[in-house]
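Enquirer: sharing a sequence plus its predicted fold:
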Amino acid sequence: MPFDINRDVLNLDYKVELKKDNALLKDHFNIDPEVLKIRKLARKKIKKALRKNGTLDWSRLPSIITNNPKLIKSGKYNIISDGIMFAPSYWSGYNLCAFATNGCGRHCLTTSGHGQMHMMNNGSHHVHIARVTRSILYMEYRPQFFDKLLREIANRSKNVSNDHPEAIYSIRPNTTSDIRWEKIKIKDGKTLFELFPEIQWYDYTKDINRDISHIDNYHLTFSLSEKNKMLVPSAFKKGMNVALVLRVKPEDIKPDTYTLEIMKGHSITKEAINGDLHDARFIDPENKFVVLSCKGSAFDDTSGFVQELN
């Protein structure tokens, strides 16, 4: 029998499992003492920045547009990449990754690189405080957040154009989140992509229902979890590559092809590309698996989120 995405995938079982995992993640982060400490410090930072008239003093708050070591790697391809780094899943108390599973939520790349939990400064983790702060500001002070975001993007885009006139400027708005930016009108009824057509936007997503076919300057790569393997055929059909985390180290040689078992008796084999070389997914050739090595705590994953070599 042919593999029927509509019948076998987008069914009640998947939605129920996703709901259960979101509840598990909410409970997990709501009792994590380090996360609770970070939330408290983020709230304290916002309170200090809030003027009596309700406006925010942004000089007391973290910038919205930033980058990390992975984004910087794209520079060797003459691409300047920045991102917006929120706190994923329920880190901030708000869920900014609606399709997160227990595996990806607990082993998110937010705890890799500068976000490693041991990288404290005077007893506080300033990277995570900044990410939680941005998330709260996005959820609770959205008009001011968007005004500041637009100013930062405009200034950064101008500086990149002046300093690197031959480079492509790109932004990954969901560096550690999964927000449907194509649905959000930022100003004058326009999305970020309409307001800044000169910028190449891109993201990873676990939301198979996102439709960006009408947006020329936004690129999506589907992100594999332990619960959404059955959505992979649909992702490829929509023209998306599929990124997966493999149980290998960054310095290990990545496979040239990869076979993913979608369900018993049904697998997909595709050419694979090394996703660790850069983050500019919009320059990847199409119809490929994008293989990423384990970051942060992902090596310890037993949920099925991290895939094995085959």
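Expert: Done, it's in. Numbering: from 1, shown residues only.

Enquirer: the stretch 151-300 of the chain: strands as residue ranges?
Expert: Counting by DSSP state E, counting those that start in this stretch, the stretch 151-300 of the chain has strands at residues 168-172, 200-205, 218-223, 242-246, 257-263, 266-274, 289-293.

Enquirer: pull the fifth one out as PDB, backbone CA atoms only.
Expert: Extracted as PDB, the C-alpha positions of strand 257-263 are listed here (Å, rounded to 0.1, in the frame of the first residue of the first chain):
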ATOM      1  CA  THR A 257      24.200   9.300   2.000                       C
ATOM      2  CA  TYR A 258      21.800   8.500   4.700                       C
ATOM      3  CA  THR A 259      18.900   6.100   5.000                       C
ATOM      4  CA  LEU A 260      16.100   7.000   7.400                       C
ATOM      5  CA  GLU A 261      13.500   4.500   8.400                       C
ATOM      6  CA  ILE A 262      10.200   6.300   8.400                       C
ATOM      7  CA  MET A 263       8.100   3.500   9.700                       C
END
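
Enquirer: picking that back up, looking at the strands of the stretch 151-300 of the chain, which is nearest to E152?
Expert: Closest approach to E152 among these (Cβ to Cβ): strand 168-172, 10.2 Å. Placement of C-beta: from N, CA and C, glycine included.

Enquirer: can you list the weak-confidence ranges in the stretch 101-250 of the chain?
Expert: Under the criterion pLDDT under 70, the flagged ranges of the stretch 101-250 of the chain are 109-124.

Enquirer: got the buried residues for stretch 84-100?
Expert: Buried positions in stretch 84-100, judged by neighbour count with 16 or more other Cβ atoms under 10 Å: 84-97, 99-100.

Enquirer: okay, and which of the residues you listed map to strands?
Expert: With strands taken from DSSP state E, the overlap with the buried residues of stretch 84-100 comprises I84.

Enquirer: thinking again about what came up before, quick one, which of the strands of the stretch 151-300 of the chain is nearest to K148?
Expert: Comparing the strands of the stretch 151-300 of the chain by Cβ to Cβ, strand 168-172 comes nearest, at 14.8 Å.

Enquirer: what strands line up against the closest one, and which way round?
Expert: Strand pairing for strand 168-172, determined by DSSP bridges: strand 79-84 (parallel), strand 200-205 (parallel).

Enquirer: any idea how far R247 is from V306?
Expert: Distance check for R247 against V306: by Cβ to Cβ, to the nearest Å, it reads 5 Å.

Enquirer: for these two, list the residues in contact with both.
Expert: Common contact partners of R247 and V306 (Cβ atoms under 8 Å, 6 or more residues apart in numbering): C294, F299.

Enquirer: residue ranges of the helices in the chain, please?
Expert: Applying DSSP state H to the chain gives helices spanning 5-8, 12-31, 33-49, 69-72, 102-106, 126-140, 142-163, 192-195, 232-237.

Enquirer: okay, the ones you listed in a markdown table with mean neighbour count and distance to K206 next?
Expert: Shown next, in a markdown table, are the helices of the chain (neighbours: other Cβ atoms under 10 Å; distance: least, Cβ to Cβ, whole Å):
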| stretch | mean neighbour count | distance to K206 |
| --- | --- | --- |
| helix 5-8 | 13 | 16 |
| helix 12-31 | 14 | 9 |
| helix 33-49 | 16 | 21 |
| helix 69-72 | 16 | 18 |
| helix 102-106 | 24 | 8 |
| helix 126-140 | 22 | 18 |
| helix 142-163 | 15 | 23 |
| helix 192-195 | 19 | 20 |
| helix 232-237 | 18 | 10 |
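
Enquirer: closest one to L41 among the strands of the stretch 151-300 of the chain?
Expert: Of the strands of the stretch 151-300 of the chain, nearest to L41 by Cβ to Cβ is strand 168-172, at 25.7 Å.

Enquirer: so for R247 and V306, which residue has more residues nearby?
Expert: V306 (23 against 14; other Cβ atoms under 10 Å).

Enquirer: I figured that one hits A298, correct?
Expert: Yes. Using Cβ atoms under 8 Å, V306 is in contact with A298, at 5.5 Å.

Enquirer: what sits in contact with each of the two?
Expert: H107, V245.

Enquirer: dump the strands of the stretch 151-300 of the chain into TSV; add distance to N53 and mean neighbour count as well.
Expert: Formatted as TSV, the strands of the stretch 151-300 of the chain follow (distance: least, Cβ to Cβ, whole Å; neighbours: other Cβ atoms under 10 Å):
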stretch	distance to N53	mean neighbour count
strand 168-172	31	23
strand 200-205	34	23
strand 218-223	36	22
strand 242-246	45	23
strand 257-263	54	14
strand 266-274	51	15
strand 289-293	46	23
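
Enquirer: I'd like those as TSV, with distance to K148 appended.
Expert: What follows is the strands of the stretch 151-300 of the chain, written out as TSV (distance: least, Cβ to Cβ, whole Å):
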stretch	distance to K148
strand 168-172	15
strand 200-205	18
strand 218-223	21
strand 242-246	30
strand 257-263	41
strand 266-274	36
strand 289-293	31
